[in-house]
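In: Okay, predicted coordinates and the sequence, questions at the end:
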Amino acid sequence: MVTGGAGFVGSHLCERLLSRGDDVVCVDDLSTGRAGNVAHLLDHPGFRFVHQDVTEGLEVSGPVDAVYHLASPASPRDYLRLPVETLLVGSYGTRNALELARRHGAAFLLTSTSEVYGDPQVHPQPESYWGNVNPVGPRSVYDEAKRFGEALTMAYRRTRGVRTTIVRIFNTYGPRMRADDGRAVPAFVTQSLAGLPLTVTGDGSQTRSLCYVDDLVTGLVRALEAGVPGPVNLGNPEEVTMRRLALTIREICGSSSEVTFVPRPQDDPMLRRPDISAARRELGWAPGTALADGLARTVAWFREACSPGALSLPELVHSRPVPAPPTRRRRPASSGPTAGPDSPRKGDTLHDPAGTLRRQTA
Ligand SMILES: NC(=O)c1ccc[n+]([C@@H]2O[C@H](COP(=O)([O-])OP(=O)(O)OC[C@H]3O[C@@H](n4cnc5c(N)ncnc54)[C@H](O)[C@@H]3O)[C@@H](O)[C@H]2O)c1
């Protein structure tokens with residue numbers, strides 16, 4: 001099971017698991033993900049999609065070997081727009097995913113985040129660093145939800161016998177990021193392709209370390225299968241300033257957009273770079289994709305998505321959800337602010353020929 005499987009990272013994880021022969025149940029409420037991210041998987045016999053808010057409950061009949069729990073708004077723009085939902089999916093949603101793993105004797109992986117380190121006073125950040133988080137600032141809805149999720153996961157490991165793993169993901173990028181999610185890579189790519197000014201926050205000297213999504217997915221699978229409790233940092237230790245990133249993307253796009261500077265958001269961390277010694281030691285994992293290569297693939301995807309017949313660039317920038325293809329079961333009325341005309345409705349099972357999935361409310 002992959003919760004949040006119709007999101008950016010989750011859709012790549014579903015693909016990876018299917019490609020090696022696993023059956024995958026993808027559960028997603030499409031609050032920040034898109035049906036279009038998994039539309040190409042719907043006819044795969046091993047794939048099932050359940051449109052479900054995991055804070056309401058989570059059940060699947062039949063055996064479950066592994067639960068990858070990714071469901072959560074992830075970009076600052078999304079979690080600031082959905083503050084209560086973010087706290088609830090980090091608490092109730094994580095509880096429901098852990099309970100499912102416990103009932104089925106499945107391995108469980110929590111995708112936590114580098115945001116648990118807050119604005120770090122230790123650089124680079126090892127897992128032993130406890131962080132510097134403002135517990136009542138606007139970003140606390142995400143940071144504290146993930147910190148609570150980590151504590152709950154450890155409690156289930158210690159007292160309920162669930163085989164759990166916590167990974168802390170640092171900034172990841174790649175195809176299927178939403179153009180309007182507010183993160184730097186899709187913003188700079190779409191601005192460059194449209195010839196719009198590149199909006200760098202602050203003076204652009206703040207750093208991030210960017211991991212290509214394929215590398216991250218390898219780390220997720222390896223971490224769950226190794227069964228290490230973690231937390232384990234997964235990210236790219238190569239640091240880049242936001243200004244350098246903007247200039248690199250502009251060059252790859254062949255754009256002449258100007259660079260402009262806008263105010264930095266509150267509690268935006270100045271430095272971000274993982275210490276991945278534990279991932280190297282315990283998982284034999286390190287990212288292998290050079291930034292220039294990963295960015296080139298990402299730009300190619302955005303170009304394709306903007307090509308004639310696909311979404312236009314303004315649509316991408318405003319990120320209309322990509323409608324799902326016609327489904328086997330269709331319900332009459334649309335629901336939810338992000339639902340397109342053919343998008344699945346809450347509670348729909350898009351591919352469940354055996355009828356083994358059902359919607360359950362807590
Ligand atoms: N991408 C990154 O750089 C990054 C960094 C750190 C951590 N993470 C973590 O990785 C996970 C995936 O992130 P992403 O970048 O793919 O984000 P995303 O927003 O693209 O994907 C998250 C998915 O979860 C779904 N979701 C949200 N709330 C839900 C709910 N209540 N019930 C069911 N589904 C729900 C969304 O619809 C979406 O499809 C998240 O848990 C995030 O915190 C990502």
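Out: That came through, no problem. Numbers count the residues shown, from 1 in each chain.

In: separation between His40 and Glu251?
Out: From His40 across to Glu251, the span is 31 Å (Cβ to Cβ, to the nearest Å). Glycine gets a C-beta too; all of them are placed from N, C-alpha and C.

In: Gly284 against Glu225, yeah?
Out: No. Shown here, Gly284 and Glu225 do not form a contact pair, counting by Cβ atoms under 8 Å, at 11.5 Å.

In: How about the secondary structure of Leu152?
Out: Following DSSP: H, G, I helix; E, B strand; the rest coil, Leu152 is assigned to helix.

In: Spatially nearest residue to it, not counting backbone neighbours?
Out: Thr94 (5.5 Å; Cβ to Cβ, 6 or more residues apart in numbering).

In: what's the burial count for the one you found?
Out: For Thr94, the count of nearby residues is 29 (other Cβ atoms under 10 Å).

In: Kindly report the same for the one 10 residues further on.
Out: Here the neighbour count serves as a burial measure; for His104 (other Cβ under 10 Å) it reads 19.

In: Please name the nearest non-neighbouring residue to it.
Out: Nearest non-adjacent residue to His104 (Cβ to Cβ, 6+ apart): Val64, at 4.0 Å.

In: And the one you found, what's its pLDDT?
Out: At Val64, the model reports a pLDDT of 96.

In: One more: Arg303?
Out: The model's pLDDT for Arg303 equals 90.

In: just the one 4 residues further on next, same as before
Out: Residue-level confidence at Ser307 comes out at 59, pLDDT.

In: cool, Asp348 as well?
Out: 42.

In: again with the one 10 residues further on
Out: At Arg358, the pLDDT value in this model is 30.

In: returning to what we had before: which strand or helix spans the residue nearest to Leu152?
Out: Using DSSP states H and E, the element containing Thr94 is helix 94-104.

In: After that helix, heading C-terminal, what element do we hit next?
Out: That would be, after helix 94-104 and using DSSP H and E, strand 107-113.

In: low pLDDT regions in the stretch 251-362 of the chain?
Out: Residues of the stretch 251-362 of the chain meeting the criterion pLDDT under 70: 267, 306-362.

In: doesn't Ile252 make contact with Ala296?
Out: Yes. The criterion here is Cβ under 8 Å, and Ala296 meets it with Ile252 at 5.6 Å.

In: ok, now how distant is Asp203 from the ligand?
Out: 23 Å (Cβ to the nearest ligand atom, to the nearest Å).

In: What residues does that residue make contact with?
Out: Contact analysis of Asp203 by Cβ atoms under 8 Å, 6 or more residues apart in numbering lists Arg243, Phe261.
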